[in-house]
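Asker: Sequence plus the predicted model coming up.
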Amino acid sequence: MALTQRLEFRQSQSLVMTPQLMQAIKLLQLSNLDLSAFVEEELERNPLLDRGADGPEAPVAGEPAMERSDYADGDGSTSYGDDGGDLAGGASGDAFEPGQEEWMNRDLGTRTEIEQTLDTGLDNVFTEEPAEAAARAAQDAPPAVYTEWGGGASSDDDYNLEAFVAAEMTLGDHLAEQLAVAFSAPAQRMIGQYLIDLVDDAGYLPADLGQAAERLGASQQAVDEVVATLQKFDPPGVCARNLSECLAIQLRELNRYDPAMQALVEHLDLLAKRDIASLRKLCGVDDDDITDMIAEIRRLNPKPGLKFGAAKTQTMVPDVYVRPGPDGGWHVELNSDTLPRVLVNQTYYTELSKTIRKDGDKSYFTDCLQNATWLVRALDQRARTILKVATEIVRQQDGFFTHGVAHLRPLNLKAVADAIQMHESTVSRVTANKYMATNRGSFELKYFFTASIASADGGEAHSAEAVRHHIKQLIDGEAPAAILSDDTIVERLRVSGIDIARRTVAKYREAMRIPSSVQRRRDKQSMLGNALSAPASAPDRSRDTAAV
């Protein structure tokens, strides 16, 4: 076979990831908070993007901007009445009607003529006592010195009430103030400040401080001495390296750290398992004393640093609202508060096009216009896609909205993607970090996609979330004398038509943080025993043993 050279034309199709397509994909999977931050950056970067006006009449992404009216006031805004007429006067304030101007220029005559017209003396009109007049004048007079209020502000616009708000005291600041008093040596203060910077929001130091001495160039004994002093700071229990040490510090402050309590604190794992019999033997006390000791442990604060302003939790804002419709169905709508209002300023671009002469400037503003247009289109497409996916989810899970979690159906991404004629990856991006507010609470969109569990009688499959809900109901309804094991739960589920293995029941139970049957039996028997043995007025069994 001879090798020859020749020219050929071939026609093929390929998917090219353009920057605009990549931007649309990126916006689709962002949450409403991340989307707001992204839009803020684009508003600062692109001069042709304008922030839409807030309010019920404000245009959202994808809608054209309202044209400027000739009756706009001085700041460029327009106020309209019910009949469409302009209610705002000009910025100079001289746009009076002819009748008003004629009345203002009209001569009212002398004092005698005015009193005859009013049929009373001018002294009787709005009379005021001298004391009241002086008080009114003092009240209406502006403050003589603004520095007394605003720290040197020269006008009301510069006056800031937030300057008087006290800053929130953090745990690090609180410990640093005590550090300055506790140590006088610079080396100890340096070690203490380094350790304070390692304290987390709960008030704990890292469990391993072996590298602290090496990094600070100090001896391990010096670091241990500073740690011991820090553990005496307020709040009690701060700068501990584990839970046992935190509770021991607080018990020493209360003079309650005797040998029995020390044994209890050192075996918190048995307390978590409710192994009261083993704890009673280790502590060497009777049932009444072990009950009092456990009550004392519960009164302590396991996370003392949280009272000094932990990280603020961001409130979840739903992207979609689902409400019952008048026809018995469900009405799905987007949350307009989470949709950014962005407009393209075509007027500004037209004015710039007439004045710009340099090719580089023209290219820059052309790119800005293209990017702004694509951003508005991407935001509009994102809103439409979210609404389409949410509507299909509500249609597929109609039983959940009507009857509850027990009627949640198995659902996967492919079923929704085929119904709305989109790709599974698009549906996956839409359901990420998006929330839906319903009549049964707020849920993430991914909550409605659950695995399928076969039916025992060959009927319709069950949702994994519905099965977990069924398991929780069975455990919540069990009696203390008849705790359900995992095998018993499997049998009861099979009677209900759910075919599930024992290991799956154990996995679901652990995912819901439900202890085993042995642990639940201990917990419920302990609670029942405490309720039966507690008298109306329990005597104080506090021990007077000296603290260790």
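Answerer: Received the coordinates, thanks.

Asker: all helices for the stretch 351-500 of the chain, in order.
Answerer: Ranges of helices in the stretch 351-500 of the chain, per DSSP state H, counting those that start in this stretch, are 359-396, 398-403, 413-420, 424-431, 464-476, 486-495.

Asker: Of the ones you listed, which stretch is the most buried?
Answerer: Most buried of these, by mean neighbour count (mean count of other Cβ atoms under 10 Å): helix 424-431, with a mean of 19. All C-beta atoms are positioned from the backbone trio N, CA, C, and that covers glycine.

Asker: Determine which of the helices of the stretch 351-500 of the chain approaches Pro515 most closely.
Answerer: Nearest of the helices of the stretch 351-500 of the chain to Pro515, taken as Cβ to Cβ: helix 464-476 at 9.6 Å.

Asker: Now do that closest one: everything it contacts.
Answerer: 405-408, 410, 447, 450-453, 484, 489, 492-493, 496, 498, 500, 505, 508-509, 511-512, 514, 520 (Cβ atoms under 8 Å, 6 or more residues apart in numbering).

Asker: same deal with stretch 305-325?
Answerer: For stretch 305-325, contacts defined as Cβ under 8 Å, 6+ apart pick out 32-33, 168-171, 174, 199-204, 235, 238, 301, 330-335, 337-338, 386-387, 390, 394, 401, 434-439, 442, 445.

Asker: what's the answer for stretch 13-28, then?
Answerer: Here stretch 13-28 makes contact (Cβ under 8 Å, 6+ apart) with 35, 38, 374-375, 378-379, 381-382, 385, 426, 429-430.

Asker: quick one: low-confidence ranges for the stretch 201-350 of the chain?
Answerer: 309-314 (pLDDT under 70).

Asker: just the helices in it please.
Answerer: Assigned by DSSP H, counting those that start in this stretch, the helices in the stretch 201-350 of the chain fall at 210-216, 220-230, 243-253, 259-265, 268-272, 276-283, 287-299, 346-355.

Asker: Format those helices as a markdown table; extra columns: distance to Ala182.
Answerer: As requested, those are exported to a markdown table (distance: least, Cβ to Cβ, whole Å):
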| stretch | distance to Ala182 |
| --- | --- |
| helix 210-216 | 17 |
| helix 220-230 | 6 |
| helix 243-253 | 15 |
| helix 259-265 | 25 |
| helix 268-272 | 29 |
| helix 276-283 | 34 |
| helix 287-299 | 27 |
| helix 346-355 | 61 |
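
Asker: For Asp286, find the nearest of the helices of the stretch 351-500 of the chain.
Answerer: helix 464-476 (32.2 Å).

Asker: where are the low-confidence patches of this structure?
Answerer: The chain contains residues with pLDDT under 70 at 1, 53-111, 113-167, 309-314, 526-548.

Asker: To Phe183, which of the helices of the stretch 201-350 of the chain lies closest?
Answerer: With Cβ to Cβ, the closest approach to Phe183 among those belongs to helix 220-230: 7.3 Å.

Asker: before we move on, the earlier item: could you save the helices of the stretch 201-350 of the chain as TSV and add columns showing mean neighbour count and distance to Val322?
Answerer: Below are the helices of the stretch 201-350 of the chain laid out as TSV (neighbours: other Cβ atoms under 10 Å; distance: least, Cβ to Cβ, whole Å):
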stretch	mean neighbour count	distance to Val322
helix 210-216	13	53
helix 220-230	16	52
helix 243-253	20	43
helix 259-265	19	50
helix 268-272	14	40
helix 276-283	16	48
helix 287-299	15	41
helix 346-355	12	37
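
Asker: who wins for proximity to Arg51 among those?
Answerer: helix 346-355 (13.6 Å).

Asker: what's the angle between that closest one and helix 359-396?
Answerer: 160 degrees (axes from the mean of the first three to the mean of the last three Cα atoms, to 10 degrees).

Asker: counting contacts, what elements does helix 346-355 pack onto?
Answerer: helix 359-396 (3 or more Cβ pairs under 8 Å, 6 or more residues apart in numbering; DSSP states H and E).

Asker: roughly how far out does the helix it packs on sit from the chain middle?
Answerer: Chain-centre distance of helix 359-396: 26 Å, with Cα atoms, centre = their mean, to the nearest Å.

Asker: Would you reformat the contacts of stretch 13-28 as TSV and include distance to Leu49?
Answerer: Converted to TSV, the contacts of stretch 13-28 look like this (distance: Cβ to Cβ, whole Å):
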residue	distance to Leu49
Leu35	14
Phe38	12
Trp374	11
Leu375	7
Ala378	13
Leu379	11
Gln381	17
Arg382	16
Thr385	22
Thr426	26
Arg429	24
Val430	24
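
Asker: hang on, the earlier thing: among the helices of the stretch 351-500 of the chain, single out whichever gets nearest to Ala228.
Answerer: Closest among those, using Cβ to Cβ: helix 464-476, at 45.3 Å.

Asker: Cool, thanks, signing off.
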